[in-house]
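Visitor: One predicted model, sequence on top.
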Amino acid sequence: MSVDPTVIIRACPDYDVERIRTIIREALVELGREPTGRTLVKPNCVMSGPQFPHAHTRPEFLEGVLLALKDRSGPRMKELAIGERCGITFPTRYAFKHAGYYEVLRRVGGVGAYHFDEVSQVEIPLYHPQRLRDSIYTPEPVAAADFFVNCPKFKAHPWTTVTFSMKNYIGIQDDRHRLIDHDHELNRKVADLQYVIQPQFIAIDAIVAGEGRMLTPLPFDMQLIVMGNNQVAFDAVCCRIIGLDPLSVEHIRLAHERGFGPVEPERIRLSGDVSLEQAQQRGRGFRTGLIRVEDYFRGTNIRAYSGPPPGGQHDYCWGGCPGAIEEAIEILRLYDRETDARLAKMPTVHILFGAYEGPVDAEPGEPVVFMGDCASYHGAVAGRRVDMPSVYVDRSKKNPLDAKYQDIFAKMVSVTRKLGKLRSDNVVRMAGCPVSVAEQLLALIKLGKLRNPFWDPKQALPYTNAYLSWRTRQAIARLGGKPYNKPGATARGAARPEQSQPPAGASRRLEPAGQLKRD
C-alpha cells in the first residue's frame, strides 16, 4: 500500500498507556503499516533518571508503541526489539534502567533490547557526492532492520536547533563513531546518517515536550502525539508547530534537497483530530536551543570567546564544544543547587573556542582555557604574548577505525592532568574535536570546585554497577570473537533507503552479493 507523505497529529492529554496504544494502532492502520521481519524501535534515551525526566521518550509512550506494534504484527514479523545508544560516557543499560524501559519490556513481553554500545559496528557505504566520508559505521541491528520505527522526544537542541525524528539518528552510532564529524558539520553528519536507514513509521512523544535544551530540557506541556511515514515531512510539520521554518534547520534542508522527502505544506497530507493551526496554538512560545556561548555566559565569572571553526564555511561551531559546555553547566545545576553561588565565588575563567582574534580581557593569574583542537589565538593575554596554534586535523585524515574510546574514569584522570598545568602556567588547551560534555563538565568541576555528580551517593553505585556490567560484556564479546568494528560488506535489511543504492559505475566493495537491490 503506497501512501503519500503523511503526518498525523493527535491529541493526548496524558501518559495513559492504553490511550497511547490506541492512537498509535489507529495511525498504523491509516498508513497501512504492518511490522515485518526484524522490527526495530529506536527511542530517544540520551539521558534518564530523576534529574532528567524530560530528556527521553517516556516509558509509557514506548510501551504504548510496542503494544500497538504487536497488535498490528503477524507471521511476517520475526523479531521485535528496541535499540539505542544513550549519551556519551553513560552505559546504555544505565539509561534504559533509569528510564524504566526494562519494566516496559517485561510487561509487554516478547521484546528484545539492543544496547548499541555492546554490539558490533558495521560499515555502510555512502555514494552521494555531498558525503563527509565514503562510509559510516552503525550497530549491526540497525543495518539489518526490515521495519524501523523512530520514537523520538519532541525537544530543543543547543547544536541543531531542534531534535525530532532525523536528529534522533545520532543514537544509531556508538561513542567513538558518534564523535567523528560531531563538529561544525554536525548537520551534514545527521543528513549523511539518513542513508543508513529510513523509518517505516514515526511517533514522537510530544505529550510533554522539552524546550530550551537537549539533556536538561524544561517541560513544555503540548499534549500531542505526532506520527508519520516520511522523516523530512514529519520534521517539517514539527517545525511548523513551533513556528519554525523547516528550511532554517540545516539537516532538514539537506535531506529535503537530497530527495528524502518534502517540506512544502501542499505536498504533505495532514490528518488527525488536531489541525496544524490548533497544534501551533499548543506550540506557541516553545523555545529552541541555539544560544551563542558568549551570550550564555554573559554576566558570569566565565568569560567565553568564540571564533570560526576550520573550513571557512561557518562563523560559529554550533555542533561542537560551545554547545557542550552549556549542557555541562545545566547538568551541574541539576545536581547541586549551589552551583551558581560556587561559580560566582571562583576566579574569573576565560574559555576560548575556534580561531578567536579579538581581545581577551584576562588579568594576570586568571586561567585561560583553549577548548578543542581548533581553538587558536595569537596576541596579548594578561600582559604576555600567547601563541596558541590550532591542532585541528582535517576530517579527510581521520579514519573511523582509529577512533579511541575514553570512559568517564579515564576522562577524570586526563582532565585533572590537563588542568593541573594551570598551576605553573595559566594557559592550557583541552584537546578534542569535540571536547565532550562529560570532559567540559569535569573541567568546570575542577575550575569551580563544584560537586561531581558522578560521586553523587544516589548515582555512584548504580552507575558503577552498570559500567562494570557493560565493560564485562564487551570483553566477553571480544574474547568470543565478536569484533567491535566489522569493516567491509554487510547485509542490509528492507529498511535500507532507496537513496543509498550505488549509482552506475560506483565501487561496490561494501555491497554483499545479492544485496544490491532493496528487498
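Guide: That came in fine, so what should we check first? Numbering: from 1, shown residues only.
Visitor: how many other residues sit next to Leu343?
Guide: Other residues within reach of Leu343 by the criterion other CB atoms under 10 Å amount to 21. Quick note: C-beta positions are derived from backbone N, CA and C, even for glycine.
Visitor: pLDDT wise, what is the residue nearest to it when sequence neighbours are not counted at?
Guide: Sequence neighbours aside, Gly448 is the residue nearest to Leu343 in space, at 5.1 Å (criterion: CB to CB, 6 or more residues apart in numbering). Here the pLDDT value assigned to Gly448 is 87.
Visitor: how near is Gly448 to Val208?
Guide: Distance, Gly448 to Val208, using CB to CB, to the nearest Å: 32 Å.
Visitor: likewise Ala362?
Guide: 43 Å.
Visitor: what do you get for Thr22?
Guide: From Thr22 over to Val208 (counting by CB to CB), the distance is 19 Å.
Visitor: Equivalent analysis for Met412, please.
Guide: 34 Å.
Visitor: Same check on Val232?
Guide: Distance, Val232 to Val208, using CB to CB: 25 Å.
Visitor: Give me the more crowded residue out of the two.
Guide: Counted by other CB under 10 Å, Val232 and Val208 do not tie: Val232 has more neighbours, with 28 against 20.
Visitor: related to what we said a few turns ago, verify the stated contact: the residue nearest to Leu343 with Ala341.
Guide: No - the pair Gly448 and Ala341 does not pass the contact test of CB atoms under 8 Å, sitting 10.3 Å apart.
Visitor: which regions of the protein sit below the pLDDT cut-off?
Guide: 1-2, 513-519 (pLDDT under 70).
Visitor: list the contacts for the residue of it most remote from its centre?
Guide: Ranked by distance from the centre of the chain (CA atoms, centre = their mean), the top residue is Gly383, with 41.4 Å. For Gly383, the contacting residues are Pro364, by CB atoms under 8 Å, 6 or more residues apart in numbering.
Visitor: how near is it to Glu366?
Guide: 11 Å.
Visitor: you'd agree Val122 is in a strand?
Guide: Yes - under DSSP: H, G, I helix; E, B strand; the rest coil, Val122 sits within a strand.
Visitor: Can you name the residues bridging to it?
Guide: Bridge pairing for Val122 (DSSP bridges) gives the partners Thr138, Lys486.
Visitor: what about the helices in the stretch 301-450 of the chain?
Guide: Listed in chain order, the helices of the stretch 301-450 of the chain (DSSP state H, counting those that start in this stretch) span 321-335, 339-345, 408-420, 437-448.
Visitor: so can I have JSON lines of those showing distance to Lys167?
Guide: Below are the helices of the stretch 301-450 of the chain laid out as JSON lines (distance: least, CB to CB, whole Å):
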{"stretch": "helix 321-335", "distance to Lys167": "13"}
{"stretch": "helix 339-345", "distance to Lys167": "28"}
{"stretch": "helix 408-420", "distance to Lys167": "24"}
{"stretch": "helix 437-448", "distance to Lys167": "16"}
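Visitor: These: which one's closest to Arg298?
Guide: helix 321-335 (12.4 Å; CB to CB).
Visitor: tell me which residues in that closest one are buried?
Guide: 321-333, 335 (16 or more other CB atoms under 10 Å).
Visitor: can you check stretch 275-283 too?
Guide: Buried, per 16+ other CB under 10 Å, within stretch 275-283: 276, 279, 282-283.
Visitor: ditto for stretch 491-501
Guide: For stretch 491-501, burial by neighbour count (16+ other CB under 10 Å) applies to 492-493, 495-497, 500.
Visitor: Could you point out which of these is nearest to Pro35?
Guide: Distances from Pro35 to the buried residues of stretch 491-501, taken by CB to CB, are shortest for Ala495, at 11.2 Å.
Visitor: what sits against the closest one?
Guide: 40, 145-148, 197-200.
Visitor: Over to Val237?
Guide: Val237 sits in contact with 7, 9, 226, 228, 268, 270, 276, where contact means CB under 8 Å, 6+ apart.
Visitor: Looking at neighbours, which among these is most surrounded?
Guide: Result: Gly228 is most packed of the contacts of Val237 (other CB under 10 Å), 32 neighbours.
Visitor: Give the bridge partners for that one, please.
Guide: Gly228 has these beta-bridge partners by DSSP bridges: Val7, Ile202.
Visitor: Strands along the stretch 1-150 of the chain, start to end?
Guide: 6-11, 37-43, 77-84, 112-115, 121-125, 135-139, 147-151 (DSSP state E, counting those that start in this stretch).
Visitor: closest one to Lys397 among these?
Guide: strand 135-139 (15.5 Å).
Visitor: Grab the CA positions of that closest one and hand them over as PDB.
Guide: Extracted C-alpha coordinates of strand 135-139, given in PDB (Å, rounded to 0.1, in the frame of the first residue of the first chain):
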ATOM      1  CA  SER A 135      31.400   5.100   4.700                       C
ATOM      2  CA  ILE A 136      29.900   5.300   8.100                       C
ATOM      3  CA  TYR A 137      29.600   2.800  10.900                       C
ATOM      4  CA  THR A 138      26.400   1.800  12.700                       C
ATOM      5  CA  PRO A 139      25.300  -1.000  15.000                       C
END
